[in-house]
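Undergrad: No sequence on hand, only this structure:
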């Protein structure tokens, strides 16, 4: 982990010295590539007017897209569940993503791909008459927990003032930007001196937090909520790594109560990876230290980024290693 | 009602003959007035990126804002509940609204006032460092039920595939654009041959539908859900009109079951007023005809628009009646 972070810090300082107009972020809007801060969308886009959209976030790490196909597959599945369609062929989309990464020369990035209903809403319009729209943003890698903070871990609370939107109202497996409940959770966490909010399902089970899945380790087994949350691709990586390391990992109903008597807690997200939680509701978890299973998963997660099976070199084979 | 609609139709045909560049809609963005279709917002506005916003919709009818102060007061209350602030003085805002209505020369309009978190999100930023942003759209009056359809009424379903987001997840009294559940409801209604979806609270009580409150009339009494829904300003008007006409109206838990044995159903919304529902789940309501209490409320609702207590003349006293 330390070697990975120190190489990252070097790349980051080179990026900051860079005069490329896209080094603070690049966007693709209506077929054009523009600096992020100049990117605009129509006021009447239903993505704004009714948050009628889905999206996905994929990372670029050290010049390689990580699990890009998994993210595009999930985006397609999300679109299909809410009757949207990515308005581009998959290969065309991949080409644009690679082009954006190359033009930006940002070696470590988070890339958000947003598909909106378009300029007309579903009310009184036939779906076949609607033109869905695509927006893409690529920004320097986002950390839900800064690397420095990952040595000691973060503070979380189980939210008491807000519950997660239930699947019967909005399907959390369709990644969405309707963050009203998450925003309330972030306010509560901050009001209570913490950084992370864990939301319940209103029935005393854990679901997820703003942008991350939750994992509890108890007696050597990893427990992860199976419903009421996104099926995170980093969460998938946790299952894969656990299996490869002979650690049992279960997706199941996870009662809130387990969070108070477990051995380790970590979260998983594309925006930062595997994030240790070492305090819950003001009480230390694992004596306030990052636990051994969290470390195993985290280290393997970062190693996975170099595996060609899971990553796509932005600069192609010929420029690899330059 | 018929006299009101025929005068409206006349105004609408004059509007359509008009060559004013704003006659299809006008927007106020970052201090500038632009034609609606040219209005753009930053891609990274958190109103798009996390639907982190609140809004309100007020109507202009025959050149008069209707209950403008009520709408601005509610917008202020909504902002306050989610830690936003309208980034303008109230009188300044009213001045802009009047100016937009005048410049557009649209005599009958729906005006949407949106306050977003701005370009930075709440995560890792102190609220005092955030600059909330304001967007205003004024478009020709929107009918959730076309006037012609109001003679025979609309078809509704009680949604079975989706429930309303519960107040514990998102507070529906803070008007929001996180329409995931409503969009699912609109798809279900359309799939089942209807135009309107009534959403339940997941506990067999009615809440509201996409953009409207629900009212049932049973044995001469109007029953309206008291929670899980917006406190609509048109709903307030329903209570006021009922009181003035000696009709009892109650805000209370309204079980779904009552919808199947009531005498009349109507909905209320700024975007169309009092809308009769004459079929529910494919069965006629009040023999498929608009009921007498619905008519009383609707007629009084439109009369109320001329009352100076409730309306503000866009063209000022001096141009009044021209």
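TA: Arrived safely. This one's a predicted model, so the numbers in the text were calculated from it and none came from an experiment.
Undergrad: What does the pLDDT read for residue A:317?
TA: Per-residue confidence (pLDDT) for residue A:317: 43.
Undergrad: With the one 5 residues further on instead?
TA: Looking at residue A:322, its pLDDT is 32.
Undergrad: Helix, strand, or coil at the nearest residue to residue A:129 once chain neighbours are set aside?
TA: Using C-beta to C-beta, 6 or more residues apart in numbering or on different chains and skipping the chain neighbours, the partner closest in space to residue A:129 is residue A:120 (7.4 Å). (Glycine included, C-beta is placed from N, CA and C.) In three-state terms, and counting by DSSP: H, G, I helix; E, B strand; the rest coil, residue A:120 is coil.
Undergrad: Let me see the contact set for residue A:120.
TA: Neighbour list for residue A:120: A:46, A:129, A:130, A:131 [criterion: C-beta atoms under 8 Å, 6 or more residues apart in numbering or on different chains].
Undergrad: Output those in JSON lines, with neighbour count, distance to residue B:198 and secondary structure appended to each entry.
TA: Putting the contacts of residue A:120 into JSON lines (neighbours: other C-beta atoms under 10 Å in any protein chain shown; distance: C-beta to C-beta, whole Å; DSSP: H, G, I helix; E, B strand; the rest coil) gives the following:
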{"residue": "A:46", "neighbour count": "24", "distance to residue B:198": "22", "secondary structure": "helix"}
{"residue": "A:129", "neighbour count": "8", "distance to residue B:198": "26", "secondary structure": "helix"}
{"residue": "A:130", "neighbour count": "19", "distance to residue B:198": "24", "secondary structure": "coil"}
{"residue": "A:131", "neighbour count": "10", "distance to residue B:198": "30", "secondary structure": "coil"}
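Undergrad: Which single one of those is nearest to residue B:164?
TA: Among these, residue A:46 lies closest to residue B:164 (C-beta to C-beta), at 19.9 Å.
Undergrad: if I pick the closest one, what's in contact with it?
TA: By C-beta under 8 Å, 6+ apart, the contact set of residue A:46 is A:52, A:53, A:116, A:117, A:118, A:119, A:120, A:121, A:122.
Undergrad: where's it relative to residue B:178, distance?
TA: 13 Å (C-beta to C-beta, to the nearest Å).
Undergrad: ditto for residue A:31
TA: 29 Å.
Undergrad: What of residue A:161?
TA: 18 Å.
Undergrad: Among the two, which residue is more densely surrounded?
TA: residue B:178 (27 against 13; other C-beta atoms under 10 Å in any protein chain shown).
Undergrad: isn't the more buried one right up against residue A:180?
TA: Yes: Residue B:178 is within contact range of residue A:180, at 5.3 Å (criterion: C-beta atoms under 8 Å).
Undergrad: so what does the strand or helix carrying residue A:6 touch, helix or strand wise?
TA: Using DSSP states H and E, residue A:6 sits in helix A:2-16. Contacting helix A:2-16 under the criterion 3 or more C-beta pairs under 8 Å, 6 or more residues apart in numbering or on different chains; DSSP states H and E is no other helix or strand.
Undergrad: contacting residues around whichever helix or strand comes after it?
TA: Downstream of helix A:2-16, the first helix or strand assigned by DSSP H and E is strand A:26-29. Strand A:26-29 is contacted from outside by A:33-36, A:38-41, A:96, A:100, A:103-104, A:106, A:134-138, B:43, using C-beta under 8 Å, 6+ apart.
Undergrad: Tell me the gap between strand A:26-29 and the middle of its chain.
TA: Here strand A:26-29 shows a centroid-to-chain-centroid distance of 19 Å under the convention C-alpha atoms, centre = their mean, to the nearest Å.
Undergrad: Over to stretch A:185-192?
TA: On C-alpha atoms, centre = their mean, the centre of stretch A:185-192 falls 20 Å from that of its chain.
Undergrad: In that stretch, which residues are buried?
TA: Within stretch A:185-192, the residues that qualify as buried are A:185, A:186, A:187, A:188, A:189, A:190, A:192, counting by 16 or more other C-beta atoms under 10 Å in any protein chain shown.
Undergrad: what does the stretch 1-150 of chain A have sitting close to chain B?
TA: Residues of the stretch 1-150 of chain A found near chain B (C-beta under 8 Å from any C-beta of the partner chain) are A:27, A:29, A:36-37, A:39-45, A:47-52, A:82-83, A:122-123, A:135, A:137, A:144.
Undergrad: Could I have the PyMOL command that selects the buried members from those?
TA: Remark: buried members of those, expressed as a PyMOL selection using 16+ other C-beta under 10 Å:
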select buried, chain A and resi 27+29+36+39+40+41+42+43+44+45+47+48+49+50+51+52+82+122+123+135+137+144
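Undergrad: among the residues of the stretch 1-150 of chain A next to chain B, which are in helices?
TA: Among these, DSSP state H puts A:47, A:48, A:49 in helices.
Undergrad: Redo those as JSON lines? Include distance to residue A:275 and pLDDT.
TA: What follows is these, written out as JSON lines (distance: C-beta to C-beta, whole Å; pLDDT from 0 to 100):
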{"residue": "A:47", "distance to residue A:275": "28", "pLDDT": "98"}
{"residue": "A:48", "distance to residue A:275": "30", "pLDDT": "98"}
{"residue": "A:49", "distance to residue A:275": "34", "pLDDT": "98"}
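Undergrad: and which of those is nearest chain B?
TA: Distance to chain B across those (C-beta to the nearest C-beta) is lowest for residue A:48, with 4.7 Å.
Undergrad: ok, now which ones touch the closest residue to the closest one other than its chain neighbours?
TA: Using C-beta to C-beta, 6+ apart and skipping the chain neighbours, the partner closest in space to residue A:48 is residue B:48 (4.7 Å). Contact analysis of residue B:48 by C-beta under 8 Å, 6+ apart lists A:41, A:45, A:47, A:48, A:177, B:41.
Undergrad: For residue B:79, see how far away the residue lying farthest from the centre of chain A is.
TA: Ranked by distance from the centre of chain A (C-alpha atoms, centre = their mean), the top residue is residue A:124, with 34.1 Å. Residue A:124 is 30 Å from residue B:79, where distance means C-beta to C-beta.
Undergrad: so which of the buried residues of stretch A:185-192 also contact chain B?
TA: Within the set of the buried residues of stretch A:185-192, contact with chain B (C-beta under 8 Å from any C-beta) is found for A:186, A:187, A:190.
Undergrad: Let's see which of these end up in helices.
TA: Mapping those onto helices (DSSP H) picks out A:186, A:187, A:190.
Undergrad: Now do the helix or strand residue A:115 falls within and helix A:2-16, the angle between them.
TA: Applying DSSP H and E as the criterion places residue A:115 in strand A:109-116. For strand A:109-116 against helix A:2-16, the angle by axes from the mean of the first three to the mean of the last three C-alpha atoms, to 10 degrees is 70 degrees.
Undergrad: coming back round to it: could you dump the ones in helices among the ones next to chain B among the buried residues of stretch A:185-192 to JSON lines with pLDDT?
TA: Listed next are these as JSON lines, based on pLDDT from 0 to 100:
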{"residue": "A:186", "pLDDT": "98"}
{"residue": "A:187", "pLDDT": "98"}
{"residue": "A:190", "pLDDT": "97"}
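Undergrad: Tell me which residues touch the residue lying closest to residue A:180 once chain neighbours are set aside, please.
TA: Counting by C-beta to C-beta, 6+ apart, residue A:180 lies nearest to residue B:170, which is 3.9 Å off, once chain neighbours are set aside. For residue B:170, the contact set (C-beta under 8 Å, 6+ apart) comprises A:165, A:178, A:180, A:181, A:184, B:176, B:178.
Undergrad: can you check residue A:263 too?
TA: Residue A:263 sits next to A:217, A:218, A:219, A:286, A:291, A:293 when contact means C-beta under 8 Å, 6+ apart.
Undergrad: what about it, distance to residue A:92?
TA: Counting by C-beta to C-beta, the gap from residue A:263 to residue A:92 is 47 Å.
Undergrad: cool, and residue A:244?
TA: 34 Å.
Undergrad: Check residue A:79 too.
TA: Distance, residue A:79 to residue A:92, using C-beta to C-beta: 15 Å.
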